[in-house]
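Participant: Sequence and predicted structure are below.
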Amino acid sequence: MQITFLGTSSGVPTRSRNVSSWALRLPQRAEIWLFDCGEGTQHQFLRSEFKASQIRRIFITHMHGDHIFGLMGLLASCGLAGNPQQKVDIYGPPKLNEYLQACRRYSQTHFSFPIKVHTVQPGFVYDDAEFTVQCKLLEHRVPAYGYRITEKERPGRFDVKRAIALGIPSGPLYGKLKRGEVVILPDGRRINGLELCGPPLIGRKVAYCTDTIYCESAIELAQGVNVLIHESTFAHQDAELAYQRLHSTSTMAAQVALTAQAKQLILTHFSPRYAPGNSIRLEDLLKEAQAIFPSTLLAYDFFTYEIPRKQAAELVTH
């Protein structure tokens, strides 16, 4: 699992930062899941190593323009790029489907691939053999949802040498044993696949909370995650603005991470007011957050973070 930020500014783009979007790359599936899609996201794709044809799911937090204005353009371009595009599932708040249908109608745009829009409600919004995605309502000026992506636990590395030593014939049985299943051999022996696998691979977890003021829902989404991506629109000394506009400060984001016992906090969605040369800079926001939660990073456009995987045995020893 790999996170790449495609836009880290709030409200409006700057020369160095586009508006909100980040991609979750799933190499084992050759898939990209996109979270928010601000104006210009398709241009960010062109500047990255990603292919828009790999996008399988798009999760939208809320209906503000800096999070959705790039969605219609990206979808339209996918159909014109000449690359085969599979079905894209889009998840988001009420009115998202109505917005997309209006864009298609008035621009007379036809998608050459199927899309399906799912209106989310608090709870689980996606589940398959490897991942679940759930959402909660945050606190913002319009309905805004935070997302939590959970990778399911997998059996550990399969010991092929031991299987050969036990005289287990290769083929379909190996696949079942690798999945931790119990199989019965032709000679009647009963083999538990878990005994031939190393410590289980613990599933990784990511939470995404934007736009929101400090709230309990963010803490619940971020509980024990490997990575919390949290907005940090304002510095601590501009807390009054944060309360007025229902956005977070650097210290609020850090407090969420601390309370939720997250392992890593990555700040994003920065106000352009903290650009270089101003009295308060983004480095100051980083220091404010690290004073509360030391494992904090500042996101920037095209910053990539690889989420490490740990086995159960490692968790016991650390």
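Facilitator: Yes, it's here. The structure presented is a predicted model; accordingly, all values stated were derived computationally and were not measured.

Participant: ok, how many other residues are close to residue 139?
Facilitator: Residue 139 has 16 neighbouring residues, counting by other Cβ atoms under 10 Å. Where C-beta positions appear, they are placed from N, C-alpha and C, glycine not excepted.

Participant: so it touches residue 246, yeah?
Facilitator: Yes. With contact defined as Cβ atoms under 8 Å, residue 139 reaches residue 246; the gap is 6.0 Å.

Participant: shared neighbours, these two?
Facilitator: 212, 213 (Cβ atoms under 8 Å, 6 or more residues apart in numbering).

Participant: Below-threshold pLDDT in the stretch 1-150 of the chain: ranges please.
Facilitator: Residues of the stretch 1-150 of the chain meeting the criterion pLDDT under 70: 81-85.

Participant: A strand includes residue 191, no?
Facilitator: Yes. Checked against DSSP: H, G, I helix; E, B strand; the rest coil, residue 191 lies within a strand.

Participant: Bridged to it, which residues?
Facilitator: residue 183 (DSSP bridges).

Participant: contacting residues for it?
Facilitator: By Cβ under 8 Å, 6+ apart, the contact set of residue 191 is 166, 168, 177, 182, 183, 184, 185.

Participant: Quickly note the distance from the closest residue to residue 306 other than its chain neighbours to residue 26.
Facilitator: Nearest residue to residue 306, sequence neighbours excluded (Cβ to Cβ, 6 or more residues apart in numbering): residue 2, at 5.2 Å. In this view, residue 2 and residue 26 are 8 Å apart by Cβ to Cβ, to the nearest Å.

Participant: now do residue 146
Facilitator: Between residue 146 and residue 26 the computed distance is 20 Å (Cβ to Cβ).

Participant: Residue 288 is in contact with residue 251, isn't it?
Facilitator: Yes. Assessed by Cβ under 8 Å, residue 288 is found in contact with residue 251 at 5.4 Å.

Participant: anything in contact with each of those two?
Facilitator: residue 236.

Participant: returning to what we had before: which one's more surrounded, residue 146 and residue 26?
Facilitator: Of the pair residue 146 and residue 26, residue 146 is the one with more neighbours under other Cβ under 10 Å, namely 28 against 19.

Participant: that's a helix at that one, yeah?
Facilitator: No. Residue 146 is assigned strand when assessed by three-state DSSP, not a helix.

Participant: Provide a list of residues in contact with the closest residue to it other than its chain neighbours.
Facilitator: By the measure of Cβ to Cβ, 6+ apart, the closest residue to residue 146 outside its immediate chain neighbours is residue 209, 4.2 Å from it. By Cβ under 8 Å, 6+ apart, the contact list for residue 209 reads 138, 146, 218, 221, 222, 228, 229, 230, 231, 253, 256.

Participant: Let's see that with 7 Å instead.
Facilitator: Counting by Cβ atoms under 7 Å, 6 or more residues apart in numbering, residue 209 touches 138, 146, 218, 221, 222, 230, 231, 256.

Participant: and what of residue 307?
Facilitator: 1, 3, 204, 206, 226, 227.

Participant: Please flag which of these sit within strands.
Facilitator: Among these, DSSP state E puts 3, 206, 227 in strands.

Participant: Counting neighbours, what do you get for the first one?
Facilitator: Burial measure for residue 3: 20 neighbouring residues, criterion other Cβ under 10 Å.

Participant: how near is residue 305 to residue 3?
Facilitator: Separation of residue 305 from residue 3 (Cβ to Cβ): 5 Å.

Participant: tell me, what's touching the two both at once?
Facilitator: residue 227.

Participant: residue contacts, residue 30?
Facilitator: Residue 30 is in contact with residue 54, counting by Cβ under 7 Å, 6+ apart.

Participant: any idea how far residue 205 is from it?
Facilitator: Taking Cβ to Cβ, one finds residue 30 at 22 Å from residue 205.

Participant: give me phi/psi at the most far-flung residue of the chain relative to its centre?
Facilitator: In the chain, residue 187 marks the outermost C-alpha relative to the chain mean, sitting 47.3 Å out by Cα atoms, centre = their mean. Main-chain dihedrals, residue 187, degrees, to the nearest 10: phi -90, psi 10.

Participant: next one: residue 48
Facilitator: Main-chain torsions, residue 48, degrees, to the nearest 10: phi -110, psi -180.
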